[in-house]
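Novice: need coordinates for the below:
(one chain, ligands or ions: 1)
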Amino acid sequence: MDQTEQNKLKALVGQEAVKYVKDGMLLGLGTGSTVRYMVDALGKRVKDEGLNITAATTSTRTTKQAESLGIKIVSLDSLDHLDLVIDGADEISDDFQGIKGGGGALLWEKIVANTAKKYMWIVDESKLVHKLGKFPLPVEVIPFGSVHVFNRLEKMGYKPTWRMDGDKKFLTDEKNYIIDLHLGEIDKPHELYDKLIKMVGVVEVGLFLDRVNDVIVGTANGPVVKHAR
Ligand code: 5RP
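Specialist: Purely as a prediction, here's the structure:
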C-alpha cells in the first residue's frame with residue numbers, strides 16, 4: 001500500500017471513530033498520524049454540533065492539536081475514568097494483541113488505556129499481522145544507567161537500537177529514552193512482557209496485551225469494526 005492510500009485509510013478510520021463519541025463523554029485521545037485525523041474530525045463535531053466532551057490525552061502533541069481545535073483537555077487525574085479511549089496501533093495480531101509506541105507515547109498511552117471503560121484502536125489494514133514482532137518493539141527506559149539496560153538487552157539477543165531524534169536520543173514526554181527491539185517474531189508476548197517489565201530501569205513496554213475492546217480497520221472497501229473482547 002502506498003503512503004497516499006494509507007493516509008486515506010487513516011483518515012477514514014479517524015472519521016469513523018468519532019461517530020462513537022456521544023455528548024457528555026469523557027474521552028481519551030491517543031497519539032500518532034491516525035489519531036491526528038480523528039482529532040481533526042472530533043474538533044469538527046465540537047465546532048459544528050456544539051458537542052460537549054471532556055478529554056485527556058496521551059501526549060503533549062495531541063493536547064496541542066486538540067486545544068487548537070477547541071476541544072476541552074483536562075488532566076487525567078482530575079477524572080474518575082474515561083468512557084472511551086481512541087488510539088492508533090503499530091501492529092495488531094490475529095488474537096488482538098498489539099504493539100504500540102511507534103510515536104513514542106506508549107507510557108502515557110498505557111496509563112490512559114487503563115482508565116478506559118471502552119478501549120478502541122483505529123488502524124489501516126497494513127497494521128494487521130498474523131504474529132507480532134515485525135514492527136520493532138519499543139521499550140521506555142529511564143536515562144540513568146540506560147546504556148547498561150541496552151547492553152543487557154543486546155546480550156539477551158533482542159537486537160536493540162536507540163530511538164533517535166536527529167543526532168540526539170529521542171525523549172518521551174516523561175523525558176525518558178526508547179530502545180527499539182528488532183525481534184522479527186514474538187512467539188510468547190506475555191512471557192516477553194513479564195521479562196522486560198521486570199528489568200530495572202525499564203518503565204514500560206510497547207506490548208498492549210488483552211486490552212483492546214474494538215478495532216476499526218480501514219480497508220479499500222470501507223471501515224470494518226472488529227470486536228475483540
Ligand atoms: C504512538 C502510538 C501510535 O498509536 C502508533 O505508533 C500508530 O501511529 P500511526 O497512526 O502514526 O501509524 O503508539 O506512541
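Novice: get me the contact residues on this structure for the ligand.
Specialist: For the chain, the contact set with the ligand under C-beta under 6 Å from any ligand atom comprises 30-34, 87-90, 100-106, 109. Just so you know, the C-beta spots here come from the backbone N, C-alpha and C atoms, and that holds for glycine as well.
Novice: helices - which of those land there?
Specialist: Of those, the ones assigned to helices by DSSP state H are 33-34, 106, 109.
Novice: select from these the one having the most neighbours.
Specialist: Thr34 (30 neighbours; other C-beta atoms under 10 Å).
Novice: just the pLDDT for it.
Specialist: You'll see Thr34 listed with a pLDDT of 98.
Novice: repeat for Asp90
Specialist: 98.
Novice: would you turn the ones in helices among the residues of the chain next to the ligand into JSON lines with distance to Leu153?
Specialist: Compiled in JSON lines, those are given as follows (distance: C-beta to C-beta, whole Å):
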{"residue": "Ser33", "distance to Leu153": "28"}
{"residue": "Thr34", "distance to Leu153": "28"}
{"residue": "Leu106", "distance to Leu153": "16"}
{"residue": "Glu109", "distance to Leu153": "21"}
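Novice: which residues sit in contact with Thr219?
Specialist: 9, 125 (C-beta atoms under 8 Å, 6 or more residues apart in numbering).
Novice: before we move on, back to that, I'd like to know which of the residues of the chain next to the ligand are buried.
Specialist: Neighbour counting with 16 or more other C-beta atoms under 10 Å marks 30-32, 34, 87-90, 100-106, 109 as buried within the residues of the chain next to the ligand.
Novice: give me the neighbour count for the closest residue to Phe170 other than its chain neighbours.
Specialist: With C-beta to C-beta, 6 or more residues apart in numbering as the measure, Arg163 is the residue that lies nearest to Phe170, at 4.0 Å, once sequence neighbours are left out. By the criterion of other C-beta under 10 Å, Arg163 has 19 neighbours.
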